[in-house]
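K.L.:
coords please:
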Amino acid sequence: MNTQARANHIPQSAGFVVPDVLPDFPATPRAGLRLSLEQEQAFGFTVFQLTLDQIQALACDREVVAELLSEMEGAFTKENKADKAVALLKVDGQWFRQGSIPGVEFSKLSRERIQLVRQCLDALNSLEGGDRDLFYMEALDSLRKALSLLVPYDAILAKAVNAFKSRCGDLSAACRELVMYVASEMHLSRTTVQRLCEQFWLSNKLPAICFGSNRYVQSIMPAKAKREFRFGVLERQQRIARVALETGVPVIELLASWSAFHRIHQRIDRLSGAFAMINAGLAEKVAREHRFAADFDQVRSAAYQGLTRAISLYAPEKGMKFSTYAVTWIKQTIIRSLIQQELIRLPEGSHKMLGRVRAVYADMPSASDEYVCKAAGISTFELDGLRPYLLGNGAMSMDTLSNSEGDEAGMHSFIADQNNDFVAELEEESEAAYVVGLIRAALSERDFFVLTHRTGLAGAQVIPVAELAQMLDTSPQNISRMEKKVQSKLACIEELKAVWELME
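P.N.:
Numbers count the residues shown, from 1 in each chain. This next block holds a predicted model:
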């Protein structure tokens, strides 16, 4: 089955397109500013489009592209999963994120996209010489089109971005030297000179253009000084040309691509920094919940690391408020920090048992031990060991339970999850929390209680109708009517419809 035939079997509702018109992102962001969901999505889609442009810019460097392809091919698992190789694919004009379509299908399409890029790269490598002629531009354009159909996994893409920056390090220094020289001699701002030079890096017209940008300085500059200025510009242009030639990329193409890459990279940094500033209060709020830590500065630093990670992985097309998604990342990053401080030494994934028990107590604070154990799926012994932590007695080691008699009876022995997939579980928990939040907001407390205990939503124990009716002092028939009423309410929530379509 070819790519087009398989694409016809992919549900279009699972994909997304970048909107042509996006709400304005705040021009002067500040901490404490509240963004609407539309503004958050505008940020996410803008950064996504800039990332695509960034990939297009670095495509001129064949060594970087070759390494990028090798990294993606090597990241496929033995089971042929592309989870850590490719993040998004474009099919029939729509983008599909990892997990939005079946994994087998995603892996097949990923390999086909990678193979197409490799074929275009081989065609570019087969050209003799390094001239920027029509044949070169056609081959490079084909390579860029092939690269525009996929987005590598973020760690692989970051490595390629850093590799391109490193390869262009000397070129950047040479260009910066020219900009600073012109700015100093002509008494112009570096920003103004940068804009001038980006169009005429190696042009013999650059000195005249610089003179024209500040006619007053030109009018008072002696002829000897003008001549020295021209030689100074020429000397720095020659250095730029020498450095660019060493990369094997046509000089004009490399200069144009590096200028575009640099602008894009700066804009991504500015947008991400502004978005982080706006959401800094969220990181601080979660960090303050862990003031018991021996090194609170480390906890705060971990909270901001979690926020940064959430920003880099934000998926705007899912329609989820950023705060809902980010809190989970921030909390998990803090937990890792506390593990390093040996305040909470839990194997990765073991916190899920604590979460289940806490959820039971949040639903029924006065629940009996028997009910908690049954609802959370743990033993009485395990509950006794968890009780000190649940009561919030501050810093403690989780290597050994309070009711254990020796080192071998620690929490590791019964709640370690050796097969935990941290990222996958985190995304799943974030989406589940978002859905539960929508449902809770639409229902009364009584309706929400009935729904959760009839469906098992949010990890609640499923209770038979008769038993639930007895608990609420009503009839089983009334419970059934409440269930139908709740279902009708949920069917009218547009956000839930969108989420359910994605889940399907």
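K.L.:
isn't residue 439 right up against residue 455?
P.N.:
No. If you go by C-beta atoms under 8 Å, residue 439 and residue 455 don't touch, sitting 10.0 Å apart. (Glycine included, C-beta is placed from N, CA and C.)
K.L.:
So for those two, which residue has more residues nearby?
P.N.:
Neighbour totals were compared for residue 439 and residue 455, and residue 439 leads with 21 against 13 (other C-beta atoms under 10 Å).
K.L.:
Assumed the more buried one was part of a helix.
P.N.:
Yes. With DSSP: H, G, I helix; E, B strand; the rest coil as the criterion, residue 439 is located in a helix.
K.L.:
Tell me who's in contact with it.
P.N.:
Residues counted as contacts of residue 439 (C-beta atoms under 8 Å, 6 or more residues apart in numbering) are 448, 451, 457, 490, 496.
K.L.:
Could you identify which of the residues you listed has the most neighbours?
P.N.:
Among those, where neighbours are counted by other C-beta under 10 Å, the top count belongs to residue 451, at 22 neighbours.
K.L.:
give me the element that residue is part of.
P.N.:
helix 445-455 (DSSP states H and E).
K.L.:
can you count the residues close to residue 33?
P.N.:
Once other C-beta under 10 Å is used to define contacts, residue 33 is seen to have 14 neighbours.
K.L.:
Assign it to helix, strand or coil.
P.N.:
Three-state call for residue 33 (three-state DSSP): coil.
K.L.:
Spatially nearest residue to it (excluding sequence neighbours)?
P.N.:
Spatially, and ignoring its direct neighbours in sequence, residue 33 is nearest to residue 278 (5.0 Å; C-beta to C-beta, 6 or more residues apart in numbering).
K.L.:
Quick check, that neighbour in contact with residue 29.
P.N.:
Yes. At 5.1 Å, residue 278 counts as touching residue 29 under the criterion of C-beta under 8 Å.
K.L.:
the more surrounded of the two?
P.N.:
Set residue 278 next to residue 29 and count neighbours by other C-beta under 10 Å: residue 278 wins out with 22 against 17.
K.L.:
any idea of the pLDDT on the more buried one?
P.N.:
As summarised for this prediction, residue 278 has a pLDDT of 89.
K.L.:
now swap in residue 57 and tell me
P.N.:
In this model, residue 57 carries a pLDDT of 95.
K.L.:
packing partners for the strand or helix carrying it?
P.N.:
Counting by DSSP H and E, the secondary-structure element that holds residue 57 is helix 37-58. Secondary-structure packing of helix 37-58 (3 or more C-beta pairs under 8 Å, 6 or more residues apart in numbering; DSSP states H and E): helix 134-147, strand 150-152, helix 154-167, helix 251-278.
K.L.:
The first one - contacts with which helices or strands?
P.N.:
What that stands for is helix 134-147. Helix 134-147 makes packing contacts with helix 37-58, helix 103-125 when contacts are defined by 3+ C-beta pairs under 8 Å, 6+ apart.
K.L.:
can you put these in a markdown table and add mean neighbour count and distance to residue 466?
P.N.:
A markdown table is the format used below for these (neighbours: other C-beta atoms under 10 Å; distance: least, C-beta to C-beta, whole Å):
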| stretch | mean neighbour count | distance to residue 466 |
| --- | --- | --- |
| helix 37-58 | 19 | 41 |
| helix 103-125 | 18 | 42 |
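K.L.:
Helices of the stretch 251-400 of the chain, residue ranges please.
P.N.:
Counting by DSSP state H, counting those that start in this stretch, residue ranges of the helices within the stretch 251-400 of the chain are 251-278, 280-288, 296-313, 322-340, 351-363, 369-376, 380-390.
K.L.:
possible to save those helices as JSON lines with distance to residue 70?
P.N.:
Formatted as JSON lines, the entries for the helices of the stretch 251-400 of the chain read as follows, by distance: least, C-beta to C-beta, whole Å:
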{"stretch": "helix 251-278", "distance to residue 70": "21"}
{"stretch": "helix 280-288", "distance to residue 70": "36"}
{"stretch": "helix 296-313", "distance to residue 70": "23"}
{"stretch": "helix 322-340", "distance to residue 70": "29"}
{"stretch": "helix 351-363", "distance to residue 70": "36"}
{"stretch": "helix 369-376", "distance to residue 70": "46"}
{"stretch": "helix 380-390", "distance to residue 70": "45"}
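K.L.:
With respect to residue 84, which of the ones you listed lies nearest?
P.N.:
Between residue 84 and the helices of the stretch 251-400 of the chain, the shortest gap by C-beta to C-beta is with helix 296-313, which sits at 13.2 Å.
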